[in-house]
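*Asks:* with the sequence up front, the predicted model follows.
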Amino acid sequence: MSMVTATGDVLSRADELGITVQQGCVLVTTSTSIIPKSVQSLSMSTSMESPVLGVPNLRNWAVVGDVLNEQKPAFRVCQRLEEYGRTVYRVSPYNTRKKKETNIIVYPSLEEIPDDITIDAVNLIISPRIGTTVLESMAKKNIQYAFIQPGADGGGVLSRADELGITVQQGCVLVTPLPEL
């Protein structure tokens, strides 16, 4: 049985076969024929072979998205990273100032995270129109790794990350195996 997150080529192939799959959803299949060969090698790699999750000791993560809304995936991404021993700094561009909510500090931007805190990686789970701004902030703070959730990868986000020299992994932290620290 194979499991991949449905994006780009997977969606196109599923459509060709008359299968409806929503972007970003997990596709479970007993046949790899639905998954293009170019995607199989990327999507089916283990986290230890991954360009971001495979980097040892990425302990401090910033999650950029609607991190306070329990109904949103960004909230659950924070929880999952913490369950796997990561320290998570929550960033919500929807907040106009730093605030503390139920013992959780939420920053309005990456720039607001104090300079004495080293962020190893950023999980981008935000609109692509905001994503490029976040990438610029990452470059200023010398953050080299971004994990980009489905839907946050459009609008020139991936090309801008490449221009800035940021290593990117696309996928969903909620379903991608996370290595132990």
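*Replies:* Perfect, I can see it now.
*Asks:* any weak-confidence spans in this protein?
*Replies:* Scanning the chain for pLDDT under 70 picks out 1-49, 96-102.
*Asks:* 50 instead, please
*Replies:* By pLDDT under 50, the low-scoring segments of the chain are 1-5, 22, 24-48.
*Asks:* distance check, the residue lying closest to residue 155 once chain neighbours are set aside against residue 86.
*Replies:* Nearest residue to residue 155 in three dimensions, chain neighbours excluded: residue 128, at 3.3 Å (C-beta to C-beta, 6 or more residues apart in numbering). Quick note: C-beta positions are derived from backbone N, CA and C, even for glycine. Note on residue 128: its distance to residue 86, by C-beta to C-beta, to the nearest Å, is 24 Å.
*Asks:* quick one: residues in contact with the helix of greatest length in the chain.
*Replies:* Ordering each helix of the chain by length in residues (DSSP state H) puts helix 128-140 first. Helix 128-140 is touched from outside by 64, 93, 109-111, 122, 124, 126, 144, 146, 148, 151-157, 160-161, 164-166, with contacts defined as C-beta atoms under 8 Å, 6 or more residues apart in numbering.
*Asks:* and those residues, which are buried?
*Replies:* 64, 93, 109-110, 122, 124, 126, 144, 146, 148, 151-153, 157, 160-161, 164, 166 (16 or more other C-beta atoms under 10 Å).
*Asks:* restricted to helices, list those residues.
*Replies:* Those of the buried ones among the contacts of helix 128-140 lying in helices (DSSP H): 157, 160-161, 164.
*Asks:* just those residues now: which is nearest residue 179?
*Replies:* Using C-beta to C-beta, residue 161 comes nearest to residue 179 of those, at 21.9 Å.
*Asks:* now the closest one, nearest residue through space, not along the chain?
*Replies:* Closest to residue 161 by C-beta to C-beta, 6+ apart is residue 168, at 4.9 Å.
*Asks:* distance check, residue 114 against residue 50.
*Replies:* From residue 114 to residue 50 the distance is 29 Å (C-beta to C-beta).
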